[in-house]
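# Generate a structure from the sequence data that follows.
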Amino acid sequence: MVLRSGISFFFKTSLIISTIISCVQSLNAQEMIVLNLNDCVDRALEYNYSIRQAKNNIMLSKSDNMAAFGAMLPQVSASSGNAWNTGLTVDPVTNIIDRVPLSSANGGLGFSAILFDGFQTLNTWRQAKVNVLITQYNFDNTRNTVALNTASQYLSVLMAKEALKVALEQLRVTEIGVSRLRKLNSAGAIPPNELLQMEAQLARDEQRKLTAENTLGLAKLILSQGIGIKINEFIVTDIPLYGINEQPAIIRVRPEAIFASSIDDQPNVKAAQLRIESAQFAVKAANASRLPRLTMNGQLATSYSDQAKNITSELRVLEFGYWLDGFGNNTPVYTQQNVPVSFDSKSFQSQVSENVRQYVGLNLSLPIFNGFQISNTIKRAQINKMNAELQYQQEVDNYEQTVERSHSDATSAWKQYLAAQKTVNAASKAFTDATIRRQEGTLTVYDYSTVQNTYLAAVSDALGAKYDAQFKAFILKFYMQSPLKDVTDNKKIKNE
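Okay, the predicted model is just below:
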């Protein structure tokens with residue numbers, strides 16, 4: 001009874017634990033994020049650090065553009081100061097030289113404006129506006145690169161999943177064959193060597209399964225690092241692939257037509273074209289350094305001194321000399337004069353209003369010789385413009401070559417896929433026939449393993465060719481600026 005109750009308790013406990021584990025697994029499964037290709041691309045575009053930096057560069061270029069525009073506006077500044085002096089000092093308000101401690105203050109508003117600088121600041125502002133567009137196109141180009149890389153990583157995961165399915169199915173078939181041979185060997189119906197050969201095949205299939213699992217794990221890890229999600233927090237969905245008789249319509253479009261219709265939409269080409277325009281404005285700004293520069297400046301200021309006094313005076317009759325009459329007597333001479341009678345310190349408010357001063361001035365400067373600095377600046381700007389023109393031509397040539405190479409790769413990948421499918425069909429028939437003959441005992445285990453390995457190699461090659469053709473057709477669609485979601489659709493593209 002004790003034993004029976006213990007066993008009952010054990011089974012009940014195991015059942016509870018199994019239920020808890022199942023619930024936890026169910027919750028984990030519910031927490032898994034299901035992602036398709038568009039989801040992965042969207043998350044990669046949001047997570048990628050290069051894209052974030054490119055977005056910050058746009059903000060920097062806009063800030064530079066605002067600063068370049070502000071350089072054309074009058075500059076206004078305010079200033080104030082206070083000073084304490086001892087010893088022999090010249091009062092800046094009264095201009096009295098004395099040896100008394102002095103406290104003085106000043107303040108004012110100043111402005112300066114460029115009246116003419118050969119349009120240097122104007123062309124600098126124009127260049128800054130073009131640079132804003134360049135950073136925007138650089139941002140778009142970075143997004144395109146990330147989107148293509150993410151699509152490649154996504155398809156690598158799908159290919160690894162398919163390869164694992166093939167390996168698991170083959171392992172299942174081999175396990176059934178080993179189980180059957182073990183029974184026959186126990187009954188003495190077959191020689192032991194045949195069982196050993198089949199067990200060796202089973203070991204190879206298990207190794208193939210482990211390799212496929214590792215490949216899938218690595219592919220998913222690379223994708224997870226690109227989209228910023230932990231590898232155990234998401235799964236990817238399959239996408240429909242082209243059938244054996246469905247050639248992607250994009251392959252039937254001539255590469256010249258793809259190039260002509262998409263060259264104007266490529267952000268890297270647009271950015272290179274705008275760099276030429278930016279360099280042209282830089283040349284104009286550099287040439288302006290040789291022209292006269294006329295500026296205007298002015299100031300409204302006031303000052304204060306603690307030694308400034310309010311003088312109170314009164315009119316008095318004062319003797320200022322004498323004259324000698326004819327009898328030898330000195331006769332005094334008097335005059336009226338204002339005589340200071342009191343000295344009061346001037347208030348701060350009164351000094352601020354009384355000491356106001358204004359001025360406006362014009363300044364004309366003409367460069368005559370500055371050690372070839374202006375010539376060097378102009379020469380460098382001209383060379384940068386030539387380099388920008390070369391870079392634009394290189395971008396156009398590179399894109400044309402990329403389209404031609406991508407079209408050739410897509411066409412070749414499609415042909416390889418068709419050839420691989422034919423090989424799979426032939427190998428499948430041979431494998432089916434070998435399976436029947438093996439069950440009938442007319443085919444040795446060695447020969448059966450050879451046919452089986454040939455079939456697996458054909459399936460693996462066809463699988464790789466299928467996804468390779470799919471991705472390379474996707475690249476051509478991407479150059480045509482088709483939406484990413486079109487990758488999952490078999491939409492037709494008209495021949496041009």
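
# where does the stretch 101-250 of the chain have low pLDDT?
Applying pLDDT under 70 to the stretch 101-250 of the chain picks out residues 240-246.

# Grab the nearest non-local neighbour of residue 359.
residue 299 (5.7 Å; CB to CB, 6 or more residues apart in numbering). Glycine gets a C-beta too; all of them are placed from N, C-alpha and C.

# Quick one: neighbours of that neighbour, just the number.
16 (other CB atoms under 10 Å).

# sec struct for it, please.
strand (DSSP: H, G, I helix; E, B strand; the rest coil).

# now it: how far from residue 124?
Distance of residue 299 to residue 124, given as CB to CB, to the nearest Å: 27 Å.

# just residue 78 next, same as before
Relative to residue 124, residue 78 is positioned 26 Å away (CB to CB).

# repeat for residue 283
Between residue 283 and residue 124 the distance is 12 Å, computed by CB to CB.

# cool, residue 424 as well?
Applying CB to CB to residue 424 and residue 124 gives a distance of 65 Å.

# ok, now residue 177?
79 Å.

# just residue 189 next, same as before
Residue 189 is 94 Å from residue 124, by CB to CB.

# These two: which is more packed in?
Shown here are residue 189 and residue 124; by other CB under 10 Å, residue 124 has more neighbours (21 against 11).

# wait, is the more buried one part of a helix?
Yes. Per three-state DSSP, residue 124 lies within a helix segment.

# Might one say that it is in contact with residue 67?
No. With contacts counted by CB atoms under 8 Å, residue 124 stays clear of residue 67, the gap being 9.7 Å.

# Got phi/psi on residue 117?
Main-chain torsions, residue 117, degrees, to the nearest 10: phi -140, psi 30.

# And the helices in the stretch 251-400 of the chain, which stretches?
255-262, 267-287, 348-354, 373-440 (DSSP state H, counting those that start in this stretch).

# Next: the stretch 51-200 of the chain.
Listed in chain order, the helices of the stretch 51-200 of the chain (DSSP H, counting those that start in this stretch) span 120-186, 192-227.

# can I get the ones you listed in a markdown table with distance to residue 471?
Output for the helices of the stretch 51-200 of the chain, formatted as a markdown table (distance: least, CB to CB, whole Å):
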| stretch | distance to residue 471 |
| --- | --- |
| helix 120-186 | 5 |
| helix 192-227 | 13 |
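
# most packed of those helices?
Stretch with highest mean neighbour count among the helices of the stretch 51-200 of the chain: helix 120-186 (a mean of 18; mean count of other CB atoms under 10 Å).

# So the residue nearest to residue 359 versus residue 108, what's the distance?
Distance from residue 299 to residue 108, by CB to CB: 6 Å.

# try residue 76
11 Å.

# Same drill for those two, tell me which one is more crowded.
Per other CB under 10 Å, whichever of residue 76 and residue 108 has more neighbours is residue 108, with 17 against 10.

# pretty sure the more buried one contacts residue 300?
Yes. With contact defined as CB under 8 Å, residue 108 and residue 300 form a contacting pair (5.6 Å).

# just to revisit the earlier point, which of the helices of the stretch 251-400 of the chain has the lowest mean pLDDT?
Of all these, mean pLDDT reaches its minimum on helix 348-354 (a mean of 82).

# so what does it touch, helix or strand wise?
strand 293-305 (3 or more CB pairs under 8 Å, 6 or more residues apart in numbering; DSSP states H and E).

# mind checking how far the strand it packs on is from the chain centre?
With CA atoms, centre = their mean, to the nearest Å as the basis, strand 293-305 stands 46 Å off its chain's centre.

# Also stretch 258-274?
Counting by CA atoms, centre = their mean, stretch 258-274 comes out at 19 Å from the chain centroid.

# Distance check, residue 73 against residue 113.
From residue 73 to residue 113 the distance is 8 Å (CB to CB).

# neighbours around residue 73, how many?
What residue 73 shows, counting by other CB under 10 Å, is a neighbour count of 10.

# Contacts only, for it.
residue 113 (CB atoms under 8 Å, 6 or more residues apart in numbering).

# go with 10 Å
113, 114, 121 (CB atoms under 10 Å, 6 or more residues apart in numbering).

# Same question for residue 295.
75, 112, 113, 114, 115, 116, 117, 361, 362, 363, 364, 365.

# Quick check: bridge partners of the closest residue to residue 325 other than its chain neighbours?
Counting by CB to CB, 6+ apart, residue 325 lies nearest to residue 331, which is 5.6 Å off, once chain neighbours are set aside. Per DSSP bridges, the residues bridged to residue 331 are residue 323.

# quick one: pLDDT of residue 331?
For residue 331, the model assigns a pLDDT of 76.

# cool, and the one 5 residues further on?
According to the prediction, residue 336 has pLDDT 77.

# and if you look at residue 446?
72.

# how many neighbours does it have?
Residue neighbour count, defined by other CB under 10 Å, stands at 13 for residue 446.

# you'd agree it is up against residue 197?
Yes. Contact criterion CB atoms under 10 Å: residue 446 and residue 197 qualify, at 5.8 Å.
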